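Trainee: Predicted model and sequence follow; I will ask about them next.
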Amino acid sequence: MSASDDVRSFTEKRYALMALPLIRALESRRFAAYYCPTAAEAVKKALSLMPSKSSVSWGGSYTLDQIGLTDAVRAGPYRVLDRADVQTPEEKLEVMRRAMFCDVFLTSFNAVSMDGTVFNIDGNGNRVAAITFGPASVIAVVGMNKVCSTPETALARARNVAAPLNAIRFGFTDTPCTRTGVCGDCRSEHCICCAVEEMRMCKIPQRIKVILVGEELGF
(Lines give C-alpha, C1' and ligand atoms only; values in the text may rest on other atoms or scores of the structure.)
Protein backbone atom coordinates (compact mmCIF):
# COMPACT_ATOMS: atom_id res chain seq x y z
CA MET A 1 0.00 0.00 0.00
CA SER A 2 1.37 3.43 -0.96
CA ALA A 3 1.59 6.42 1.35
CA SER A 4 -1.29 8.08 -0.51
CA ASP A 5 -3.40 4.95 0.00
CA ASP A 6 -2.55 5.07 3.70
CA VAL A 7 -3.67 8.69 3.94
CA ARG A 8 -6.91 7.88 2.14
CA SER A 9 -7.59 4.94 4.44
CA PHE A 10 -6.89 6.96 7.58
CA THR A 11 -9.09 9.79 6.34
CA GLU A 12 -11.96 7.44 5.55
CA LYS A 13 -11.79 5.98 9.06
CA ARG A 14 -11.69 9.45 10.61
CA TYR A 15 -14.71 10.60 8.59
CA ALA A 16 -16.70 7.52 9.62
CA LEU A 17 -15.89 8.17 13.28
CA MET A 18 -16.86 11.85 13.00
CA ALA A 19 -20.13 11.01 11.28
CA LEU A 20 -21.57 9.12 14.27
CA PRO A 21 -21.80 12.04 16.73
CA LEU A 22 -22.59 14.48 13.91
CA ILE A 23 -25.62 12.45 12.85
CA ARG A 24 -26.84 12.46 16.45
CA ALA A 25 -26.32 16.22 16.64
CA LEU A 26 -28.21 16.84 13.38
CA GLU A 27 -31.05 14.59 14.48
CA SER A 28 -31.28 16.45 17.79
CA ARG A 29 -31.94 19.56 15.68
CA ARG A 30 -34.69 17.70 13.77
CA PHE A 31 -32.76 17.14 10.54
CA ALA A 32 -32.79 13.67 9.00
CA ALA A 33 -29.17 12.54 8.67
CA TYR A 34 -27.38 9.70 6.92
CA TYR A 35 -23.80 8.66 6.26
CA CYS A 36 -22.56 7.18 2.99
CA PRO A 37 -18.89 6.18 2.67
CA THR A 38 -18.79 6.96 -1.07
CA ALA A 39 -20.28 9.42 -3.52
CA ALA A 40 -21.88 6.57 -5.50
CA GLU A 41 -23.74 5.42 -2.40
CA ALA A 42 -24.77 9.01 -1.68
CA VAL A 43 -26.35 9.32 -5.14
CA LYS A 44 -28.33 6.11 -4.56
CA LYS A 45 -29.45 7.36 -1.15
CA ALA A 46 -30.55 10.74 -2.52
CA LEU A 47 -32.55 9.12 -5.33
CA SER A 48 -34.23 6.80 -2.81
CA LEU A 49 -35.53 9.89 -1.00
CA MET A 50 -37.11 11.35 -4.17
CA PRO A 51 -40.55 9.97 -5.12
CA SER A 52 -41.14 9.27 -8.80
CA LYS A 53 -42.76 12.19 -10.69
CA SER A 54 -41.58 14.71 -8.09
CA SER A 55 -40.74 18.18 -9.29
CA VAL A 56 -37.02 18.62 -8.60
CA SER A 57 -34.69 21.58 -8.73
CA TRP A 58 -31.37 22.66 -7.26
CA GLY A 59 -29.18 25.65 -6.53
CA GLY A 60 -25.68 26.09 -7.84
CA SER A 61 -23.67 23.23 -6.36
CA TYR A 62 -20.35 21.86 -7.56
CA THR A 63 -20.86 18.84 -5.30
CA LEU A 64 -24.09 17.75 -7.02
CA ASP A 65 -22.46 17.95 -10.45
CA GLN A 66 -19.26 16.31 -9.19
CA ILE A 67 -21.01 13.17 -7.94
CA GLY A 68 -23.35 12.92 -10.94
CA LEU A 69 -26.58 13.48 -9.01
CA THR A 70 -27.89 16.20 -11.31
CA ASP A 71 -27.31 13.97 -14.35
CA ALA A 72 -29.08 11.08 -12.61
CA VAL A 73 -32.07 13.29 -11.87
CA ARG A 74 -32.24 14.57 -15.45
CA ALA A 75 -32.33 10.94 -16.62
CA GLY A 76 -34.85 9.86 -14.00
CA PRO A 77 -38.65 9.87 -13.64
CA TYR A 78 -38.83 13.46 -12.38
CA ARG A 79 -40.18 16.82 -13.47
CA VAL A 80 -36.94 18.82 -13.57
CA LEU A 81 -36.67 22.58 -13.14
CA ASP A 82 -33.18 23.33 -14.43
CA ARG A 83 -32.11 26.93 -14.93
CA ALA A 84 -29.40 25.70 -17.32
CA ASP A 85 -32.13 24.78 -19.82
CA VAL A 86 -33.24 28.38 -20.46
CA GLN A 87 -31.91 31.02 -22.82
CA THR A 88 -32.39 34.42 -21.18
CA PRO A 89 -31.71 35.96 -17.74
CA GLU A 90 -35.44 36.53 -17.35
CA GLU A 91 -36.20 32.86 -17.95
CA LYS A 92 -33.44 31.86 -15.54
CA LEU A 93 -34.94 34.05 -12.82
CA GLU A 94 -38.37 32.54 -13.43
CA VAL A 95 -37.01 28.99 -13.01
CA MET A 96 -35.27 30.03 -9.78
CA ARG A 97 -38.56 31.42 -8.49
CA ARG A 98 -40.51 28.32 -9.48
CA ALA A 99 -37.95 26.20 -7.65
CA MET A 100 -39.23 27.69 -4.40
CA PHE A 101 -42.37 25.58 -4.85
CA CYS A 102 -40.83 22.30 -6.04
CA ASP A 103 -41.30 18.97 -4.30
CA VAL A 104 -37.58 18.30 -3.83
CA PHE A 105 -34.74 20.82 -3.73
CA LEU A 106 -31.19 19.51 -4.00
CA THR A 107 -28.19 21.31 -2.54
CA SER A 108 -24.99 21.01 -0.60
CA PHE A 109 -23.87 23.04 2.41
CA ASN A 110 -20.84 25.29 2.69
CA ALA A 111 -20.07 24.08 6.21
CA VAL A 112 -21.49 22.06 9.09
CA SER A 113 -20.32 22.23 12.69
CA MET A 114 -20.05 19.16 14.89
CA ASP A 115 -22.94 20.43 17.01
CA GLY A 116 -25.24 20.12 13.97
CA THR A 117 -25.43 23.76 12.92
CA VAL A 118 -25.50 24.38 9.17
CA PHE A 119 -23.93 27.34 7.34
CA ASN A 120 -24.45 28.61 3.82
CA ILE A 121 -23.37 31.67 1.86
CA ASP A 122 -25.15 32.77 -1.29
CA GLY A 123 -24.92 35.44 -3.95
CA ASN A 124 -28.46 35.54 -5.35
CA GLY A 125 -30.01 34.13 -2.18
CA ASN A 126 -32.19 31.60 -3.98
CA ARG A 127 -30.33 28.62 -2.51
CA VAL A 128 -30.49 29.76 1.11
CA ALA A 129 -34.12 30.77 0.61
CA ALA A 130 -35.08 27.32 -0.66
CA ILE A 131 -33.17 25.58 2.12
CA THR A 132 -34.94 27.70 4.72
CA PHE A 133 -38.51 27.67 3.38
CA GLY A 134 -40.51 26.65 0.34
CA PRO A 135 -39.76 23.25 -1.22
CA ALA A 136 -41.50 20.36 0.52
CA SER A 137 -38.24 18.43 0.88
CA VAL A 138 -34.59 19.47 0.84
CA ILE A 139 -31.79 16.96 0.27
CA ALA A 140 -28.27 18.16 1.03
CA VAL A 141 -25.24 16.11 0.00
CA VAL A 142 -22.22 17.17 2.05
CA GLY A 143 -18.65 15.94 1.87
CA MET A 144 -17.09 15.36 5.29
CA ASN A 145 -14.33 17.83 4.35
CA LYS A 146 -16.90 20.54 5.08
CA VAL A 147 -17.37 19.50 8.71
CA CYS A 148 -15.84 21.85 11.29
CA SER A 149 -15.43 21.59 15.03
CA THR A 150 -17.47 24.63 16.08
CA PRO A 151 -20.04 27.05 14.62
CA GLU A 152 -17.36 29.74 14.58
CA THR A 153 -14.95 27.66 12.51
CA ALA A 154 -17.80 26.53 10.24
CA LEU A 155 -18.76 30.13 9.47
CA ALA A 156 -15.10 30.96 8.88
CA ARG A 157 -14.86 28.04 6.46
CA ALA A 158 -17.93 29.21 4.54
CA ARG A 159 -16.56 32.73 4.19
CA ASN A 160 -12.85 32.06 3.71
CA VAL A 161 -12.79 28.73 1.88
CA ALA A 162 -16.08 28.06 0.08
CA ALA A 163 -16.85 31.61 -1.01
CA PRO A 164 -13.42 32.46 -2.50
CA LEU A 165 -13.23 29.13 -4.32
CA ASN A 166 -16.67 29.64 -5.83
CA ALA A 167 -15.87 33.22 -6.82
CA ILE A 168 -12.74 31.96 -8.59
CA ARG A 169 -14.79 29.16 -10.21
CA PHE A 170 -17.24 31.71 -11.62
CA GLY A 171 -14.41 33.79 -13.03
CA PHE A 172 -15.08 36.94 -11.02
CA THR A 173 -12.20 39.41 -10.94
CA ASP A 174 -13.64 42.32 -8.97
CA THR A 175 -14.02 40.68 -5.54
CA PRO A 176 -11.25 40.89 -2.91
CA CYS A 177 -11.36 37.12 -2.37
CA THR A 178 -10.32 36.42 -5.97
CA ARG A 179 -7.22 38.55 -5.38
CA THR A 180 -6.31 37.50 -1.83
CA GLY A 181 -7.98 34.08 -1.42
CA VAL A 182 -9.92 35.16 1.68
CA CYS A 183 -13.07 37.15 2.38
CA GLY A 184 -12.63 40.92 2.22
CA ASP A 185 -16.16 41.99 3.22
CA CYS A 186 -16.63 43.38 -0.29
CA ARG A 187 -19.39 45.51 -1.81
CA SER A 188 -18.66 44.25 -5.32
CA GLU A 189 -21.35 43.79 -7.96
CA HIS A 190 -20.34 40.11 -8.02
CA CYS A 191 -20.27 39.66 -4.25
CA ILE A 192 -20.91 36.01 -3.59
CA CYS A 193 -21.63 36.57 0.12
CA CYS A 194 -24.85 38.61 -0.10
CA ALA A 195 -26.80 36.21 2.12
CA VAL A 196 -25.25 34.34 5.05
CA GLU A 197 -27.40 31.61 6.59
CA GLU A 198 -26.96 29.90 9.93
CA MET A 199 -29.55 27.17 10.42
CA ARG A 200 -29.63 25.78 13.93
CA MET A 201 -32.91 23.85 13.71
CA CYS A 202 -35.03 22.20 11.04
CA LYS A 203 -38.44 23.75 11.77
CA ILE A 204 -40.43 20.97 10.11
CA PRO A 205 -38.94 17.70 11.40
CA GLN A 206 -36.91 15.85 8.74
CA ARG A 207 -37.88 18.27 5.96
CA ILE A 208 -34.14 18.71 5.42
CA LYS A 209 -32.22 15.47 4.81
CA VAL A 210 -28.46 15.66 5.19
CA ILE A 211 -26.41 12.99 3.43
CA LEU A 212 -22.88 13.05 4.78
CA VAL A 213 -20.31 11.54 2.44
CA GLY A 214 -16.95 10.09 3.47
CA GLU A 215 -15.15 11.83 0.61
CA GLU A 216 -13.80 15.30 -0.08
CA LEU A 217 -16.45 16.92 -2.24
CA GLY A 218 -17.13 20.40 -3.52
CA PHE A 219 -15.83 23.54 -1.89
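Mentor: Perfect, I can see it now.

Trainee: what's the longest helix belonging to the chain packed up against?
Mentor: Longest helix of the chain, by residue count under DSSP state H: helix 3-28. Contacts defined by 3 or more C-beta pairs under 8 Å, 6 or more residues apart in numbering; DSSP states H and E place helix 3-28 against strand 32-36, strand 208-213. No exception for glycine: its C-beta is placed from N, CA and C like everyone else's.

Trainee: and it, average pLDDT?
Mentor: For helix 3-28, mean pLDDT is 92.

Trainee: out of the helices and strands packed on helix 3-28, deepest packed?
Mentor: strand 208-213 (a mean of 25; mean count of other C-beta atoms under 10 Å).

Trainee: In this protein, mark out all the helices, start to finish.
Mentor: 3-28, 39-48, 62-67, 69-74, 89-98, 126-132, 151-157, 163-169, 176-180.

Trainee: Who are the contact partners of residue 71?
Mentor: Residue 71 makes contacts with residue 65, as judged by C-beta atoms under 8 Å, 6 or more residues apart in numbering.

Trainee: Distance check, it against residue 209.
Mentor: Using C-beta to C-beta, to the nearest Å, one gets 20 Å for the distance from residue 71 to residue 209.

Trainee: Please name the nearest non-neighbouring residue to residue 63.
Mentor: Excluding the flanking residues, the one nearest residue 63 by C-beta to C-beta, 6 or more residues apart in numbering is residue 218, at 3.4 Å.

Trainee: That neighbour against residue 62, yeah?
Mentor: Yes. Counting by C-beta atoms under 8 Å, residue 218 touches residue 62, with 4.7 Å between them.

Trainee: Can you pull the residues that touch both of the two?
Mentor: residue 108.

Trainee: the more surrounded of the two?
Mentor: residue 218 (23 against 15; other C-beta atoms under 10 Å).

Trainee: quick revisit: what residues sit buried inside the longest helix of the chain?
Mentor: 15, 18-19, 22-23, 25-27 (16 or more other C-beta atoms under 10 Å).

Trainee: Quick check, residue 165 in contact with residue 219.
Mentor: Yes. Using C-beta under 8 Å, residue 165 is in contact with residue 219, at 4.1 Å.

Trainee: shared neighbours, those two?
Mentor: When C-beta under 8 Å, 6+ apart defines a contact, no residue borders residue 165 and residue 219 alike.

Trainee: Tell me how far residue 146 lies from residue 7.
Mentor: On the measure of C-beta to C-beta, residue 146 and residue 7 end up 19 Å apart.

Trainee: Low-confidence regions, the protein specifically.
Mentor: Counting by pLDDT under 70, the chain contains low-confidence ranges at 1.

Trainee: What residues does the spatially closest residue to residue 203 that is not a sequence neighbour make contact with?
Mentor: Once flanking residues are discounted, residue 203 sits nearest to residue 30: 7.7 Å by C-beta to C-beta, 6+ apart. Applying C-beta under 8 Å, 6+ apart to residue 30 gives the contacts 201-206.

Trainee: In strands, which of those residues appear?
Mentor: With strands defined by DSSP state E, no entry of the contacts of residue 30 lies inside them.

Trainee: most surrounded residue in the residues you listed?
Mentor: That'd be residue 202 among the contacts of residue 30, by other C-beta under 10 Å, with 21 neighbours.

Trainee: thought that one was touching residue 27?
Mentor: No. Taking contacts as C-beta under 8 Å, residue 202 lies outside contact range of residue 27: 9.6 Å.
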